[in-house]
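Colleague: Any chance you can model this:
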Amino acid sequence: MYSIKGLGACEEVGRSGFVLDFGEKFLLDYGVKLEPNNLAYPLDVKENLKAAIISHAHLDHSGYLPYFYKSNECLSFMTQPTLEISDILWRDSLKIADLEGNEPKFSLNDITRTHKYNFVMPYKKALHLTNDTTIEFFDAGHILGSALTKITYKNESFLYTGDYKEYETQLHIGADMSVGKVDNVLIESTYGDREHPDRKKVEKALCESVQDTVERGGWAIIPAFAVGRTQEVVDILTSYNINADIYVDGMGKKVAAIYLNHADLIKNPKRLKAGFNQVKIIESSRDRKKVFNKPCVVITTSGMMKGGPVVGYAQKLFNDTNSKIHLTGYQGEETPGRMLQDTGMLPYGENGEMIKVKCKYEKYDLSAHPSQKEMLHSLKQWDPKKIFLVHGDSKVMPIFKSVIEQELGINTEILKAGKKIEF
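Modeller: I've put the predicted structure just below:
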């Protein structure tokens, strides 16, 4: 009898963490969740583990690992890009905590200690942890270094998708589906209730909107996640030959260097490199002032508009009817980006009060997550006996569960925080 226990990302998106007892005990991801005034964390790990496995570098999957290593000594397995990007994000978390006057859950020493236990793995090379247990990574197509994790114990197999994307995007060719048939699947369900619009049409609409905004004398602000989305938006805009200065601000410029250092893992590295050679990188407050000399495009963190340089740009421009904010990613509940998307207001007043924006704003779906149809297609190929759902809104997951059971006839369960499911 095996089991899976949810520590986070159960009926919610964020703070992923799961303990799999599958011959040996494994921690699958350990992340944090962005909330309006603080971070939320997964439940503490109380089991003795064989290993921790980090599917990719986004903070909601990797951000709590240094805390884990305050009191644990098992190895953690991830790809090389995941380790490099995670390290940037861990250190940035400490800077943000200091700026906001919050007590961080881990220290620089804990990050250093974490590196003692990190073990990097390439894709498609099975590693024997014991005589009976192997783990193997496959490219998940989500961001650089993201991995589908296949764990095999004797003759039984378990696949953890993390966040993945089967179909291709501007940066990635899509997930490596050569995993083969598996017995059990733990799958994300972020968009388990819907389909994404045609990606090329969305990219074209974004570029046309950006160009139109600048031509009418406005500034095109593009809040973008530092990891994955910033690099993708640069690639898209420069490929469409936007006729305007394009600035890149925030951590995305540092992460771009890691993308280019692992060129073999992205779809068209020459095009991405050419794109970053065209844009203007903002390094200082003086550079930020130059942005307002004439209408232009600014790609900047944070993607959900909670902190980062985007706040300053939005505060300068939310009364400018010619300017436009182009949201390009998932907006978490109660984040400023979600408030703008749903109400047209931002909490950017002098004392954090809500302000009705006069500039234009629009959401463009460039999701790096699979749609419902995409996930069903993946599950058909993997053909498991059992499916476990995580990383989805509480309203979305029952819909996805019902669709899976009706269309595929596979028993499906929704993980709940703190609860163990045996199988």
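
Colleague: So what sits opposite the nearest residue to Tyr2 once chain neighbours are set aside in the bridge?
Modeller: Spatial nearest neighbour of Tyr2, excluding adjacent residues (Cβ to Cβ, 6 or more residues apart in numbering): Phe22 at 5.0 Å. Every residue, glycine included, has its C-beta placed from N, CA and C. On the basis of DSSP bridges, Phe22 is bridged to Glu24.

Colleague: residues touching Phe22, list them.
Modeller: Listed by Cβ atoms under 8 Å, 6 or more residues apart in numbering, the contact set of Phe22 reads Tyr2, Thr133, Ile151, Tyr153, Glu156, Phe158.

Colleague: Give the burial count for the fourth one, as a bare number.
Modeller: Looking back up the chat, that one is Tyr153. Neighbour count of Tyr153, defined by other Cβ atoms under 10 Å: 18.

Colleague: and it, what does it touch?
Modeller: Residues counted as contacts of Tyr153 (Cβ under 8 Å, 6+ apart) are Tyr2, Phe22, Gly23, Glu24, Asp132, Thr133.

Colleague: got the domain boundaries for this protein?
Modeller: 3-194+368-422, 199-363 (automatic domain parsing).

Colleague: Mean pLDDT for those - can I get that in TSV?
Modeller: As requested, these are arranged in TSV below (pLDDT from 0 to 100):
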stretch	mean pLDDT
domain 3-194+368-422	96
domain 199-363	95
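
Colleague: Would you state the strands of the stretch 301-423 of the chain in chain order?
Modeller: Remark: strands assigned in the stretch 301-423 of the chain by DSSP state E, counting those that start in this stretch are 324-327, 345-346, 355-356, 360-363, 386-390, 411-414, 420-422.

Colleague: would a markdown table of the contacts of Phe22 with secondary structure and distance to Leu340 be doable?
Modeller: Formatted as a markdown table, those follow (DSSP: H, G, I helix; E, B strand; the rest coil; distance: Cβ to Cβ, whole Å):
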| residue | secondary structure | distance to Leu340 |
| --- | --- | --- |
| Tyr2 | coil | 44 |
| Thr133 | strand | 47 |
| Ile151 | strand | 41 |
| Tyr153 | strand | 47 |
| Glu156 | strand | 47 |
| Phe158 | strand | 40 |
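
Colleague: Columns distance to Cys207 on top of those, output as TSV?
Modeller: Converted to TSV, the contacts of Phe22 look like this (distance: Cβ to Cβ, whole Å):
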residue	distance to Cys207
Tyr2	48
Thr133	48
Ile151	42
Tyr153	48
Glu156	48
Phe158	41
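
Colleague: Looking at these, which two lie furthest apart in space?
Modeller: Greatest spatial distance in the contacts of Phe22: Tyr2 and Thr133, 12.0 Å, computed using Cβ to Cβ.

Colleague: Name the residues contacting each of those two.
Modeller: Residues touching both Tyr2 and Thr133 by Cβ under 8 Å, 6+ apart: Phe22, Gly23, Tyr153.

Colleague: with those residues in mind, which one is nearest to His391?
Modeller: Using Cβ to Cβ, Phe22 comes nearest to His391 of the shared contacts of Tyr2 and Thr133, at 19.1 Å.

Colleague: Name the nearest residue to Leu206, sequence neighbours excluded.
Modeller: Leaving out its chain neighbours, the residue that sits closest to Leu206 by Cβ to Cβ, 6+ apart is Tyr364, at 4.6 Å.

Colleague: tell me which element the closest residue to Gln381 other than its chain neighbours is part of?
Modeller: Spatial nearest neighbour of Gln381, excluding adjacent residues (Cβ to Cβ, 6+ apart): Met177 at 5.8 Å. Under DSSP states H and E, no helix or strand contains Met177.

Colleague: Please tell me how far Met177 sits from Lys254.
Modeller: 31 Å (Cβ to Cβ, to the nearest Å).

Colleague: Cheers, nothing more for now.
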